[in-house]
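Engineer: Got a sequence here, can you model it:
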Amino acid sequence: MKIGILGGTFDPIHNGHLAVAEEVRSRLNLDEILFIPTGQPWRKADSSILPAEHRVEMVRLAIADQPYYQLSLIELDRGGPSYTLDTLTELLSRLGEGDEVFFVVGWDSLNDLPNWKAPERIIQLCRLVGVPRPGYSLPDLESLDIKVSGLSERVILLDRPEVDISASEIRERVARGLSIDRLVPEPVERYIREHRLYST
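Structural biologist: Sure thing, here's the model as predicted:
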């Protein structure tokens, strides 16, 4: 199987996440996409995020009618800081011998990869799929290769979709009482409203 991984805080999951997942799945002919909500993101240790139960339920609602999408609680079940290396290692131990993993990252995160935990090991475990992020230029793979040897051979750079939706924008709009219609799936919008998330 060819499996895509889309990780994130999903605070909240939005239509941009879904657009990226579908573009990657169709372009690379993947069998499924795993949505993996982060437990305690080590790069966001100082920021406040919603409790996992809400973030998980919003992902569940957003992908409920998509047969190629699956929810994985691998990071939440493990607990502690969430490192990509640990997630990939554990995930691969559960998969079949011939399964191939494609880890989806934004261009901004790809540029930051040399600062991740054991990036050389990460690129041995998976292929990286770089997707555009507004305000970020195409990563310079030659420069990244100098910092992480062999990285350019393990990266697939996509030129779309260019998604101009951010979770922080959605949280801000909710707090201001503005509509988030067409920014998140309808069931997610309903869940946010019913549970009064982001309202204060």
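Engineer: Surely Leu34 and Gly4 touch.
Structural biologist: Yes: when contacts are counted by Cβ atoms under 8 Å, Leu34 is listed as touching Gly4 (6.9 Å). C-beta: built from backbone N, CA, C; applies to glycine.
Engineer: Looking at these two, which one has more neighbours?
Structural biologist: Relative neighbour count places Gly4 above the other of Leu34 and Gly4, with 25 against 21, counting by other Cβ atoms under 10 Å.
Engineer: That one pairs with what?
Structural biologist: Following DSSP bridges, Gly4 is listed with bridge partners Ile33, Phe102.
Engineer: my read: it touches Glu23, true?
Structural biologist: No: checked against Cβ under 8 Å, the pair Gly4 and Glu23 is beyond contact range at 10.3 Å.
Engineer: looking at the chain, which helix or strand is least sure?
Structural biologist: Sorted by mean pLDDT, DSSP states H and E, the helices and strands of the chain end with strand 40-41, the least confident at a mean of 64.
Engineer: Which positions within the very next helix or strand once past it qualify as buried?
Structural biologist: Going down the chain from strand 40-41, the next helix or strand is helix 52-63, by DSSP states H and E. Within helix 52-63, the residues that qualify as buried by neighbour count (16 or more other Cβ atoms under 10 Å) are Ala52, His54, Arg55, Val56, Met58, Val59, Arg60, Leu61, Ala62, Ile63.
Engineer: which stretches of this protein have low pLDDT?
Structural biologist: 40-47 (pLDDT under 70).
Engineer: which residues in the chain form strands?
Structural biologist: For the chain, the strands defined by DSSP state E cover 2-8, 32-37, 40-41, 69-71, 81-82, 100-106, 127-131, 155-157.
Engineer: tell me what the second one is packed against?
Structural biologist: Put plainly, it is strand 32-37. With contacts defined as 3 or more Cβ pairs under 8 Å, 6 or more residues apart in numbering; DSSP states H and E, the secondary structure elements packing on strand 32-37 are strand 2-8, helix 15-28, helix 52-63, strand 69-71, helix 74-78.
Engineer: In a markdown table: these, plus distance to Leu128.
Structural biologist: Compiled in a markdown table, these are given as follows (distance: least, Cβ to Cβ, whole Å):
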| stretch | distance to Leu128 |
| --- | --- |
| strand 2-8 | 10 |
| helix 15-28 | 11 |
| helix 52-63 | 22 |
| strand 69-71 | 20 |
| helix 74-78 | 18 |
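Engineer: residues near the closest residue to Asn29 other than its chain neighbours, how many?
Structural biologist: Nearest-residue entry for Asn29: Lys2, 6.8 Å, with adjacent residues in sequence omitted and distances by Cβ to Cβ, 6 or more residues apart in numbering. Other residues near Lys2 number 15, with proximity taken as other Cβ under 10 Å.
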